[in-house]
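predicted model and sequence follow; I will ask about them next.
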Amino acid sequence: LPLSSRGRRPFNVRPRFILALAASLAIGVLVCRPVVLDCLQADYCTDVGEVRSVQLADGSLATLNSASALTADFRGATRRVRLVRGEAYFEVRRDPDRPFQVEGNYSVTRVVGTRFSVREEAESDTVTVVSGLVEVGQGERKSPLLKANERISVTAAHIGEIEPVAGNAVAWTRGKLVFEIRG
């Protein structure tokens, strides 16, 4: 007798088992790689270790740092960008009639034309200005205008003090790593 006829049940994979396995794998990927989930809701995103520049619909340039994601909506009177995750550097095309606004978890940054970065961290957003002037707010509260080589951090509770920064604050946009030693 052939082996299959010796009382063994034929191998039958049930569709529910396959669906459960596929769902488990998908959940595992999303838990282990949260960047994937953020990329699903973003217009632009980068993977871990990737830096990418994209030209936005208004001609502005956004450079996304590693593991970053953002959405852009330029349909209204304000050009709106939402930093979903990570860090992005912006070179904003000047348009006095349509302010450019970047929303982080804790901050809203408004400009007309300038170069700056927004870094989203677990409990704060940090805005660093490379050139031009930037207004950073949180609800009704606003910081004084930030100018070149200044940064400010914003948490859920408050807007921090303006701090000076070195000219290499966005060196990552040029593929450079800069280490800061604090005493």
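Arrived safely, thanks for sending. Residues are numbered from 1 along each chain as shown.

would you confirm that Arg80 contacts Val108?
No - assessed by Cβ atoms under 8 Å, Arg80 is found out of contact with Val108, at 9.6 Å. The C-beta positions use only the backbone N, C-alpha and C, and glycine is treated the same way.

show me the contacts for Glu135.
Thr109, Arg110, Val111, Lys142, Ser143, Leu145, Leu146 (Cβ atoms under 8 Å, 6 or more residues apart in numbering).

quick check: it vs Leu146, distance?
From Glu135 across to Leu146, the span is 8 Å (Cβ to Cβ, to the nearest Å).

got it, and Glu120?
Taken as Cβ to Cβ, the span from Glu120 to Leu146 is 17 Å.

skipping adjacent residues, who's closest to Pro96 in space?
Val112 (5.4 Å; Cβ to Cβ, 6 or more residues apart in numbering).

so that neighbour sits right up against Phe100, yeah?
Yes - in this structure Val112 lies within contact range of Phe100 using Cβ under 8 Å: 6.9 Å.

more neighbours, these two?
Between Val112 and Phe100, counted using other Cβ atoms under 10 Å, Phe100 has the larger neighbour count: 25 against 18.

relative to Phe90, how far out is that one?
Distance from Phe100 to Phe90, by Cβ to Cβ: 7 Å.

how about Val136?
Counting by Cβ to Cβ, the gap from Val136 to Phe90 is 13 Å.

now do the shared contacts for those two.
In contact with both Val136 and Phe90: no residue, using Cβ under 8 Å, 6+ apart.

higher neighbour count, those two?
Set Val136 next to Phe90 and count neighbours by other Cβ under 10 Å: Val136 wins out with 31 against 24.

which pLDDT value belongs to the residue nearest to the more buried one when sequence neighbours are not counted?
Using Cβ to Cβ, 6+ apart and skipping residues adjacent in sequence, the residue nearest Val136 is Ser143, 4.5 Å away. For Ser143, the model assigns a pLDDT of 81.

how deep is Ser143 tucked in, by neighbour count?
Ser143 has 20 nearby residues by other Cβ under 10 Å.

quick check, it in contact with Arg151.
No - the criterion here is Cβ under 8 Å, and Ser143 misses it with Arg151 at 10.5 Å.

give me the common contacts of the two.
With Cβ under 8 Å, 6+ apart, Ser143 and Arg151 have common neighbours Ile162.

low-confidence regions, this protein specifically.
1-13, 25-37, 177-180, 182-183 (pLDDT under 70).

can you pull out the helices in it?
Assigned by DSSP state H, the helices in the chain fall at 15-32, 34-40.

what's the spacing between Pro15 and Leu21?
11 Å.

and those two? which has more neighbours close in?
Neighbours were counted for Pro15 and for Leu21 using other Cβ under 10 Å; Leu21 has more, 11 against 7.

on that earlier part again, now the common contact residues for Val112 and Phe100.
Joint contacts of Val112 and Phe100 (Cβ under 8 Å, 6+ apart) are Val92.
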